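Enquirer: Sequence and predicted structure, then a few things I'm wondering about:
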Amino acid sequence: PEAGALGKTYDVTIVNFAFSPVALDIKIGDKVVWTNQDSAPHNIAGSGFESRAFNKGEGFSFIFDSAGTYDYICDIHPYMKGKIIVE
């Protein structure tokens, strides 16, 4: 099957200027969906993936098709950090 065809979907909530959960262990082909629950806009910036700024109730998704550790931040608030570990 193609990447993402049978992959699971994982949710990361952005709340109180933090990613929850901070770290996720997923498999190749899985999708991560970030959803903003803060009143301030946020974005996702990582190695090989980046979103536009999105507001409360909006989100961004990405399917990870390569193994590795992907650290990411919110460019708007660089102290917000997260990690996706793809096996």
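Expert: Done, it's in.
Enquirer: what's the helix or strand for the closest residue to residue 59 other than its chain neighbours?
Expert: Of all residues not flanking residue 59 in the chain, residue 35 sits nearest, at 4.2 Å (Cβ to Cβ, 6 or more residues apart in numbering). C-beta here means a position set from N, CA and C on the backbone, and glycine is covered the same way. In the assignment (DSSP states H and E), residue 35 maps to strand 31-36.
Enquirer: ok, and for that strand, which residues are buried?
Expert: Neighbour counts over strand 31-36 (16 or more other Cβ atoms under 10 Å) mark 31, 32, 34, 35, 36 as buried.
Enquirer: With stretch 38-57 instead?
Expert: Neighbour-count burial for stretch 38-57 flags 38, 42, 43, 44, 46, 49, 51, 54 (criterion: 16+ other Cβ under 10 Å).
Enquirer: Out of these, name the ones that lie in strands.
Expert: Taking DSSP state E, the ones among those that sit in strands are 46, 49.
Enquirer: Just give me the closest of the buried residues of stretch 38-57 to residue 70.
Expert: Comparing the buried residues of stretch 38-57 against residue 70 with Cβ to Cβ places residue 46 closest, at 5.1 Å.
Enquirer: thought the closest one was touching residue 72?
Expert: Yes: contact criterion Cβ atoms under 8 Å: residue 46 and residue 72 qualify, at 3.3 Å.
Enquirer: which residues in the protein form strands?
Expert: 9-15, 18-20, 23-26, 31-36, 45-46, 49-50, 59-63, 68-73, 81-86.
Enquirer: would JSON lines of those with mean pLDDT be doable?
Expert: Formatted as JSON lines, the strands of the chain follow (pLDDT from 0 to 100):
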{"stretch": "strand 9-15", "mean pLDDT": "97"}
{"stretch": "strand 18-20", "mean pLDDT": "98"}
{"stretch": "strand 23-26", "mean pLDDT": "98"}
{"stretch": "strand 31-36", "mean pLDDT": "98"}
{"stretch": "strand 45-46", "mean pLDDT": "98"}
{"stretch": "strand 49-50", "mean pLDDT": "96"}
{"stretch": "strand 59-63", "mean pLDDT": "97"}
{"stretch": "strand 68-73", "mean pLDDT": "98"}
{"stretch": "strand 81-86", "mean pLDDT": "98"}
